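1. Task: produce atomic coordinates for the following.
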Amino acid sequence: MSAPITESLPRRHAPLHRPLLYFAAVNVVLAVVTVVGMLVDDRVIAGSTAWFKPSKFALSFVLYSVALAWLISLRPKPSRFLWWMATVIVIAGTIEQVIIVGQVVRGTRSHFNTTTVFDTVLWVTMAVTIVVLFLATMAVAVGLWRARIGDAAVTWSIRLGLAITLVGLALGQLMPMQETGVEGIAGAHTVGAPDGTPGMPITGWSTTNGDLRIPHFVGMHALQILPLLAAGLVVLAPRIPLLRHARVRLGLILTASGGYAAVLALVTWQALRGQPLVHPDRTTLVVAAVIAVGVVVGVLVSFASAIGNRKVVTA
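-> Residues are numbered from 1 along each chain as shown. Reported below is the predicted structural model:
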């Protein structure tokens, strides 16, 4: 008798990383506080509501921390090294948030700010901590990459999700390279203009210029999206016969990962050309269409791999 398809889902082998969970909980509280701040504080910093930046960082850290804590707990053999690397991430993230919130309280910007010696020290500190966070995340990614977690589709969703997340984190280093023409400001999110251009609702991404926050955001959240997609395929498998084939699920995950990476490359290229996300030119639309066709073909090939195979694989 074949094993239930749900056995393809990964299972926890260790407690969730408590420092990451505590960090997530603190950021949930901070998110609430910053939303209140946006409602009662009418100050504007770098073209945005003063409390907008710490609010976005809080929500991002919540998703990042919870996902990482969950993934680490799935590793077949608990690792003290990974535990400590995750703790380093918490320390680095805490320093980032303290500086960001502190600068809002002072009424000035945190990122790229070198207008005074004190501001420069804070900005350099942030730059160092983000590098530390990146290296610690890379160490965790290597530890998880070497482990088999769940079936092949789930395992590869985690591996490729982590790889794309690292690329997304690394793309943040493009921001300090932007010339703003503003004295004391060493970089920008916006390409071709200082920060503060008109922005999209909720995200604040520029509607007039390229915005490097877009590829940074898209890349970082592969850590959540791809593993959740793999888990979703397993959950849907009992109702959709084709998804019961391990080969089909793996093919879909590889297709989704390739499509995700291609979209990340596209939005990075679009931003670097100074083009806003909401106003793509013909070239961007053609490339987007090619990516969409590639994903559709990948999905069809994945399903075709099960056609003619009478035996349902449930590994």
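
2. all strands in the stretch 51-200 of the chain, in order from the N-terminus.
-> Taking DSSP state E, counting those that start in this stretch as the test, the strands found in the stretch 51-200 of the chain are 190-191.

3. Would you indicate which residues of stretch 58-71 are buried?
-> 58-62, 64-71 (16 or more other CB atoms under 10 Å). For glycine as for every other residue, the C-beta is placed from the backbone atoms N, C-alpha and C.

4. got a list of contacts for it?
-> With contacts defined as CB atoms under 8 Å, 6 or more residues apart in numbering, stretch 58-71 is touched by 16-17, 20-21, 23-24, 27-28, 30-31, 34, 86, 89-90, 93, 97, 137, 140, 144, 149, 158, 162, 217, 220-221, 223-224, 227.

5. So, low pLDDT: which residues of the stretch 1-150 of the chain?
-> Applying pLDDT under 70 to the stretch 1-150 of the chain picks out residues 1-13.

6. change it to 80
-> For the stretch 1-150 of the chain, the stretches with pLDDT under 80 are 1-14, 47, 78, 150.

7. what's the answer for the stretch 151-300 of the chain, then?
-> Applying pLDDT under 80 to the stretch 151-300 of the chain flags the ranges 179-183, 195-196.

8. what's the neighbour count on the nearest residue to Thr208 once chain neighbours are set aside?
-> What sits nearest to Thr208 in space, not counting adjacent residues and going by CB to CB, 6 or more residues apart in numbering, is Thr197, at 4.8 Å. For Thr197, the neighbour count with other CB atoms under 10 Å is 19.

9. before we move on, what about Leu39?
-> Number of residues near Leu39 (other CB under 10 Å) recorded here: 10.

10. For it, give its distance to Thr268.
-> Distance check for Leu39 against Thr268: by CB to CB, to the nearest Å, it reads 34 Å.

11. again, but for Leu277
-> 11 Å.

12. These two: who's more crowded?
-> A direct count of neighbours by other CB under 10 Å for Leu277 and Thr268 places Thr268 higher, at 21 against 17.

13. What helix or strand is the closest residue to that one other than its chain neighbours located in?
-> In space, and not counting its chain neighbours, Thr268 is closest to Pro215: 4.0 Å by CB to CB, 6+ apart. Element membership of Pro215 [criterion: DSSP states H and E] is helix 213-220.

14. ok, and what's touching that helix?
-> With CB under 8 Å, 6+ apart as the contact definition, helix 213-220 has outside contacts at 60, 64, 164-165, 167-169, 171-172, 175, 189, 203-205, 260, 263-264, 267-268, 270-271, 277.

15. Show me what counts as buried in the helix or strand where Val234 lies.
-> Secondary structure assignment for Val234, by DSSP H and E: helix 222-236. Neighbour counts over helix 222-236 (16+ other CB under 10 Å) mark 222-227, 229-231, 233-234 as buried.

16. how near is the spatially closest residue to Ile158 that is not a sequence neighbour to Gly168?
-> Once flanking residues are discounted, Ile158 sits nearest to Pro227: 5.3 Å by CB to CB, 6+ apart. Between Pro227 and Gly168 the distance is 15 Å, computed by CB to CB.

17. Select only the buried ones of the contacts of helix 213-220 in PyMOL?
-> Paste this into PyMOL to select the buried members of the contacts of helix 213-220, with burial taken from 16+ other CB under 10 Å:
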select buried, resi 60+64+164+165+167+168+169+171+172+175+189+204+205+260+263+264+267+268+270+271+277
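
18. Looking at the contacts of helix 213-220, which are in helices?
-> Among these, the members found in helices (DSSP state H) are 60, 64, 164-165, 167-169, 171, 260, 263-264, 267-268, 270-271.

19. So the residue sitting nearest the centre point of the chain versus Ala304, what's the distance?
-> By CA atoms, centre = their mean, the chain has its centre lying nearest to Met220, at 1.7 Å. From Met220 across to Ala304, the span is 33 Å (CB to CB).
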